[in-house]
Structure formats: C-alpha cells, structure tokens
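Engineer: Structure here, sequence nowhere to be found:
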C-alpha cells in the first residue's frame, strides 16, 4: 500500500478523455494474445479448411468446376468455409461463454466504451479470416497450381474478409441465444449442414435439386457466390443481390443479438 | 464544458455531498422483486456498509448504483448522472467476485486494459504496489493463487484513481488475517478521501469499518444509521438458561429485547448481557446451564424486522 499514500482521487482528470483508439487497439491485441496463448482453437479453425481443400480440391485437381479448374474454384468455396467457421465460432462460443461471467459484468460496469468489446472481436476475426485465406492461397498457388493475376488474388481476399462480417453477426446472435456449454455443439449442427447445402464443400451444381433450391435461403451461399464472382465462376445473376441478401441477414442477426443483450440485463444471474 | 465539470467535481468532492443514490428504486426480475422502493445515498468520503443476509438485495442495489441494472421503477444516480454514463463511471472503481477472467493474460496486461478506460489512471507501478502485486506483473492470471487473483481484481478497481469504490462482499471466504488486512486497506482508501460502498453479511465488519450502515432485508431498507445506532437496535447477546423466571418478568430486565420460553429453557435476546444477567441471577438462585452467545445475523435481523413492524403498527 506504499505507493498510494500521496495519491488523491482523480480531481486532476477533469476535461481529459481516454484515448479511444488506444482502447480498441488494446482490446483487439488482448483478444489476439488470448488466441495465440491457447492455440488449439486457432489450429483447428485453420486446419479444417486447409485439410478439406487438400482432400476435395487436390483429388479432383485435373477437373473443371464451371469455367475454372477445381483447385481455383475451391479456393473461393473453402475460403468462404474457413472465414465463416472462424467468425461463427470466434463470436458464438466466446460470447456464449463470456456473457454469463463476472468478468463481463466487471467490464460492463467499468467505463469501457460498450463497442470496444465488439470492435475488438471484429478486428480479431477479420485478421484471423485473412490468415486462413492467405494460407489457402499459399496451398493453392503451390500444391494446387492455381495461377491468377494479382487483382484476382486481392479481390478474392477482400471479398472473403469483408464477407466474414455477416457471420460475426450470426455468431453474436447465437452467442446470445445458446448457453456456454451447448454453444460449440449447436454451432456445429448449424454450420456444417449449412456449409454443405450452400455448396461450400462440393460445387452446388453437383448437388441434388432440392439442395440447390434451398441454398439461396442460406447466408453462406451468397458469400460463396460473391467469392466465385471474383473468379468469373458465379452461377447467380447479379452480385448486388448477394450483397443485399447478406446485408439483410446481418440486420436480422444484429436484431436478435440486441434482443439477447437486453434480455441478459433482466437476468438474475448476470 | 471543461469548466462545468471542474465545478461539479469540486462540489461533489466536498465531504458529505451525495455522490450516488437510489430514489424509490424497485427492481423486478420476472416475478421476483429483488429490491422494493429503496432509498439509499452515498456521500463523498464516507464508508457505507450495505448489510443484510444472503438474498436481501445487496448485490442488486450495487448493480443499480453501478448501472449494471436499470431500476424497474424509481431512479439511480451516480455523480448526478445516469450510472451508465461513461463520465460517471470514470470516477468509480468496482470490485466484483469475477469468474471468467482471461487466464492467459498477464497481470500487467489486465491492469493496463482497465487503466486505458480512465482519463487519468494511476501509473501502473502505483497500482501494482497498492494492490500488493510486486513481482507478479509478468505472471499469467491463471497461474496466480486465489488470494493473488483477488488482489488483481482489487488493482482493477483502483486503477482509475476513483473517487468512489464499490466492493461486493469483499471478505466473504477470506480467513481472519486476510480480512483484517483488507479492512486496513479500506480504511486507508477512505482516509484518502475516497467514498467506499461495501456489501457484507457480517455485522462485525460493518461495525468495524462503516461511517454509516444501511440494513437490507427481503429487498427493503429496514434500518439505517451509524454503527452505534444500528447496534442499539440489534441484540448483542443471547442468554439461555434453565430458569423459572417468566418471560414477562424477563422483558422488564434492562437491555432485554425479546424473551421466549421453550419448556424449562428461558431464551433472552439482549443489547448487552451483563445487566440482564445480574437481574436474572438475583431473581433465580436455582438457575442452571447458563450460556451467553452472540446471536447469528439471521436472529439479529429477525428482531430488527419485528421491531420495525411493531413500530409501524404502533
């Protein structure tokens, strides 16, 4: 207790404001530190899309999917699979776990700007999405023999990283709907069938008609079509429709998350 | 604008000014009414103890004052603002029993995360020294002992150099030595001019620390006053003996608040034991099996509740 003797409560602080940018940077940095210090989430989230790309993409490397080679086509679909998975689980599981805990309560009564928690997770999620996509690119360019102009690579990366945002919102919604213990199981039950039916594993054209008619109602379909669009391999009409669909889904997910956030406030345990 | 804030702060820093309050605050969780029509004010520089048994609504009251919860009816104010207002919160530090603290972050990282939220935080070495964390700055939170983890949470409460600190049951589960150490720390905080609000279910603790005590039971304030005023309301000792003295006789003894009989046993709740004991021994030479104990808090609150109802009825 030595250091406190000369300290008086904060009268000196009048008119000064905390540095918002520094708060966001610290929060995002700490999200990143938490991730790399327990690498198991990172490793599995990164490993699955790479593994599937090798299994499905390289097995059919000599064939074509639509106008492009399978290894090129699957960069877009497994890229979408990777960023969707990391956003869904990164948000869904962590929010479901953290929201009931004293630590979040402590942060909520602190003068933390309320958005800092979410901004940090979005920054973290986008960085991780970029890492997944670039790892896939390396695999595609080397083992997969994919050749594209620089704009092709950059365009695909940008679409996938920005396109991960609606799935951050989806993860957030699930984070508020499900409990901490059931979150990983529920998310897997939603994610894996949804990814399959959206054509992320096997090109949609090779799936039964029923599945093809369901796909437009699933958010991953629209992201994968946007990603394929950068390769000239989309089968839908206008990319604007996909953008509109994703914005619509995002709005719904955010509304659900907002409802869950307010519902938490009324809980006795929180 | 800056000038107005300065004026406000000088004002609220005056000892005795109200810096946090609940007015007619009611909080309902579904069908459960956690607190009902509570009036409570915290003055600058004082230590206010919110005393009550488990489930009395203490944590809810703190939740309303810190803006974690919004009152269903009535108002909560913190430094004359909505408790959710960041400018109000920048003048406050809170220590909660926090589960789920990220175990893979270092002590210095956790403290810096919270220091960043405040406009004029204490320097990190000051917080580390004040919370007794010297040499632990580089340790991961998950590697710390339970006591060390509590000290980190204390450091978090302190790092914004707050004018008002909230502690929710800070000594529950601590052994006697650690508890005394924390008492000394809390006294030092108020000596520096900081206001402190703490919840406790130990009357002894509230008595030892508080300038003022608010007693909550079943979500309502049943008593409020200085420790000596509260102690005068609450029985200090319970006398039990095998005695023929009747309850109506015993009620006339000095300091006896309640008298009851259970077969051969006479049971007395008293403010202090000695005056009643002298009378009792004088009246009943055949008295046997005498015990004098400190009543449990539940018994103490039971008399408080009945006293207040009787007063209300009278």
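Structural biologist: Sure, I can see it. The structure displayed is predicted, hence computed values, not measured ones.

Engineer: okay, and the helix or strand of chain A with the least pLDDT?
Structural biologist: Lowest by mean pLDDT, DSSP states H and E among the helices and strands of chain A is strand A:64-65, with a mean of 80.

Engineer: what does the very next helix or strand once past it contact?
Structural biologist: Next along the chain after strand A:64-65, taking DSSP states H and E as the criterion, comes strand A:68-69. Under the contact criterion CB atoms under 8 Å, 6 or more residues apart in numbering or on different chains, strand A:68-69 has outside partners A:61, A:63, A:146, A:231, A:232, A:233. In this view, the C-beta of every residue, glycine as well, is placed from N, C-alpha and C.

Engineer: mind running it again at 10 Å?
Structural biologist: Surrounding strand A:68-69, the residues in contact under the criterion CB atoms under 10 Å, 6 or more residues apart in numbering or on different chains are A:57, A:60-63, A:74-76, A:144-148, A:228, A:231-233.

Engineer: Can you classify residue B:39 by secondary structure?
Structural biologist: strand (DSSP: H, G, I helix; E, B strand; the rest coil).

Engineer: who are the neighbours of the least confident helix or strand of chain A, in terms of helices and strands?
Structural biologist: helix A:70-98 (3 or more CB pairs under 10 Å, 6 or more residues apart in numbering or on different chains; DSSP states H and E).

Engineer: Average pLDDT for the helix it packs on, rounded please.
Structural biologist: Averaging pLDDT along helix A:70-98 yields 92.

Engineer: now stretch A:253-266
Structural biologist: 85.

Engineer: circling back: in PyMOL, how would I select just the buried ones from the contacts of strand A:68-69?
Structural biologist: PyMOL command restricting the contacts of strand A:68-69 to the buried ones, with burial defined by 16 or more other CB atoms under 10 Å in any protein chain shown:
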select buried, chain A and resi 57+60+74+75+76+144+146+148+228+231+233
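
Engineer: Would you pull up the residue in chain B closest to chain A?
Structural biologist: Distances between chain B and chain A by CB to the nearest CB are smallest at residue B:100, namely 3.0 Å.

Engineer: right, and that residue touches residue A:101 too?
Structural biologist: Yes: using CB atoms under 10 Å, residue B:100 makes contact with residue A:101 at a distance of 3.0 Å.

Engineer: tell me, what's touching the two both at once?
Structural biologist: residue A:180.

Engineer: just checking, next helix/strand downstream of whichever strand or helix holds residue A:226?
Structural biologist: In the assignment (DSSP H and E), residue A:226 maps to helix A:219-230. Following helix A:219-230 in sequence order, the next helix or strand is helix A:239-265 (DSSP H and E).

Engineer: How far does that next one sit from its chain's centre?
Structural biologist: Relative to the chain's own centre, helix A:239-265 is displaced by 14 Å; criterion: CA atoms, centre = their mean, to the nearest Å.

Engineer: Hey, what's the angle from it to helix A:219-230? Just curious.
Structural biologist: Interaxial angle of helix A:239-265 relative to helix A:219-230 (axes from the mean of the first three to the mean of the last three CA atoms, to 10 degrees): 150 degrees.

Engineer: Quick check: buried residues in helix A:239-265?
Structural biologist: Residues A:239, A:242, A:245, A:246, A:249, A:250, A:253, A:254, A:256, A:257, A:260 are the ones in helix A:239-265 that count as buried (16+ other CB under 10 Å).

Engineer: what packs against it?
Structural biologist: Looks like helix A:239-265 contacts helix A:70-98, helix A:102-109, helix A:150-163, helix A:165-177, helix A:219-230 (3+ CB pairs under 10 Å, 6+ apart).

Engineer: Relative to chain B, which of those is closest?
Structural biologist: Closest to chain B of the helices and strands packed on helix A:239-265, according to CB to the nearest CB: helix A:102-109, at 3.5 Å.

Engineer: Return the mean pLDDT over that closest one, rounded to an integer.
Structural biologist: Here the average pLDDT along helix A:102-109 is 88.

Engineer: so what secondary structure elements neighbour that helix?
Structural biologist: In terms of contacts (3+ CB pairs under 10 Å, 6+ apart), helix A:102-109 is packed against helix A:70-98, helix A:114-142, helix A:239-265, helix B:58-66, strand B:92-95, helix B:107-115, helix B:146-158, strand B:164-168.

Engineer: Cool, thanks, signing off.
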